[in-house]
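Undergrad: Okay, sequence plus prediction incoming.
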Amino acid sequence: MNRPAPVEVTYKNMRFLITHNPTNATLNKFIEDWPFDDGAPPSNQIVDDWLSLVKIKFREEPGCCIAVHCVAGLGRAPVLVALALIEGGMKYEDAVQFIRQKRRGAFNSKQLLYLEKYRPKMRLRFKDSNGHRNNCCIQ
């Protein structure tokens, strides 16, 4: 199977690496395993857990890069990254286009419909030290 190369997606203070299945040598670098059906959207619990992890990692380790994988790196991993971008203030259409510019073939029709209907709760927008809202992570 010819798999696309890993790609980095950067938006504001968030950095993600979308990749396909890790190898035995890189498996220990992944800290969570949230399986969901190929071609399907994630459950609400997975979304909550994912966004919580993103918020914590970028707060605790500014500038870090979160690697996200699925079998081919075209469906489930891009959906999770798109959700983080949307929660960070990007419109869903822009998130899809932004990821597809780097990861051609990302998202199927069911996943696109899910992202279109997704309503962000602004979980990745933070207040700065003056109490003003901004769209980036705490530094």
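TA: Here it is on my side, so go on.

Undergrad: Make sure K121 is actually in contact with G88.
TA: No - K121 is beyond contact range of G88, at 11.8 Å (criterion: Cβ atoms under 8 Å). In short, each C-beta sits where N, CA and C put it, glycine included.

Undergrad: ok, now how distant is S109 from G88?
TA: 24 Å (Cβ to Cβ, to the nearest Å).

Undergrad: Neighbour count for the two, which is higher?
TA: More crowded of S109 and G88, by other Cβ atoms under 10 Å: G88, with 24 against 8.

Undergrad: I figured F58 hits F16, correct?
TA: No - contact between F58 and F16 fails when scored by Cβ under 8 Å: they sit 10.3 Å apart.

Undergrad: Find residues that contact each of those two.
TA: Taking Cβ atoms under 8 Å, 6 or more residues apart in numbering as the criterion, F58 and F16 both touch I66.

Undergrad: What ranges does the chain have for its strands?
TA: Applying DSSP state E to the chain gives strands spanning 7-11, 14-19, 66-69, 126-127, 133-134.
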